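J.: could you work out the structure for the sequence below:
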Amino acid sequence: MPLAGNDWLALTTEDTLEPEIPICDPHHHFWVERSEPVDYQQYLLPELAADVNSGHNVKSTVFIEVRCEYRADGPDEMKPVGEVEYIQTIADASAAGAHGPTKAAAAIIGHADLKLGEGVRPVLEAMKSASPDRFRGIRHSVGWDESPELANRDIKGALGTDGYRAGARVLSDMGLILENSLYFHQAGELVEFARALPDLKIVLNHIGGLVRVGPYANRDEEVLPAWRKGIEEMAKCPNIVLKLGGVGQTRFAYGWDVLEKPIGSEDLARQLRPLMEHCIDQFGPDRCMFESNYPVDKISYSYNVLWNAFKRLSSSYTAVDRASMFHDTAARVYNINV
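T.: Below is the predicted model of the structure:
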């Protein structure tokens, strides 16, 4: 039987490069039980600790909602508060020193339905009450594509609806962050949205939603220029910050998850470099942050290999710029003092 999970990842081992560089990992998840990815059906503090303690100097992390441990009863719009309540207990355990020095979930991003408009305020207030020291905002992803081969996260054109924008204004009024994930062809929608709410802090996930599967498979000559153009346009909005990562997901179609032996950091850096350099050139290091997207991306490479790859591909940047992308941008955006 072929090796899988951590046993498969262990086939590729490397020394940690530049272990002194401080890292704030701005994007990971926890879940109690999940059917996908098959090899990592539970991912909680012990599992995260095993990854972040693998050699790199991970000072802190940011939890991003994944519909984990919602409340079982009560109004539907309030059920996501249960996730923030649950993650707060994990963060407290980590802050007390459980499983190592990394401050896991030093910032928490929950989920709320912005289409509630002004009605989202009590939901956000309940989340703030559940985590007064760590709650920083919500993710309401809007990825939509007409193809049934891709998952839709909301209705078509959600960013342009009156309800979503009203809810986003509540976020802005409360000084909270909007985290978002979409598909590359929706870049224009996000630009229009960001310009309409210039005071709202927007964090865009996974290099702006490149897709190379389904209707976009084997069409790099069309897809990549469209993605690059979208990055260029979104970078013109000063209230958008970009996460550099998430490329290990199957929708990016690099095939790393089906290799007989996991990819090493040299090859990974080489393949990631054209994507990452375009993002950094457009947004600038002070609006970019490297992310792990663990354990979702764990199907493709180990934590140690991923951060080694980030260090390799960023080696030509100044120390100040690298500090921004590895730690300082995330610490500033999420108000983390570690």
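
J.: what sits closest to Asp199 if chain neighbours are left out?
T.: Ser172 (5.1 Å; Cβ to Cβ, 6 or more residues apart in numbering). To be clear about C-beta, it is placed using only N, CA and C from the backbone, and glycine gets the same treatment.

J.: what is the helix or strand where that neighbour lies packed up against?
T.: Here Ser172 sits within helix 162-173, counting by DSSP states H and E. Contacts of helix 162-173 with other secondary structure elements, assessed using 3 or more Cβ pairs under 8 Å, 6 or more residues apart in numbering; DSSP states H and E, are made with helix 121-130, strand 177-180, helix 187-196.

J.: would you map the helices across the stretch 1-150 of the chain?
T.: 5-9, 45-52, 81-95, 121-130 (DSSP state H, counting those that start in this stretch).

J.: looking at the ones you listed, which is closest to Thr16?
T.: The stretch from these with the least distance to Thr16 (Cβ to Cβ) is helix 45-52; that distance is 11.7 Å.

J.: tell me the angle the closest one makes with helix 81-95.
T.: With axes from the mean of the first three to the mean of the last three Cα atoms, to 10 degrees applied, the angle from helix 45-52 to helix 81-95 works out at 60 degrees.

J.: what about the residue nearest to Asp199, how many residues nearby?
T.: As a burial measure, Ser172 scores 18 neighbours (other Cβ atoms under 10 Å).

J.: same deal with the one 5 residues further on?
T.: Neighbours of Ile177 under the rule other Cβ under 10 Å: 22.

J.: mind listing what's buried along stretch 141-148?
T.: Residues of stretch 141-148 classed as buried under the neighbour-count rule (16 or more other Cβ atoms under 10 Å) are Ser141, Val142, Gly143, Trp144, Asp145.

J.: again, but for stretch 108-121
T.: By neighbour count, and taking 16+ other Cβ under 10 Å as the criterion, the buried residues in stretch 108-121 are 108-117, 119-121.

J.: and if you look at stretch 24-44?
T.: Cys24, Asp25, Pro26, His27, His28, His29, Phe30, Trp31, Arg34, Pro37, Tyr40, Tyr43.
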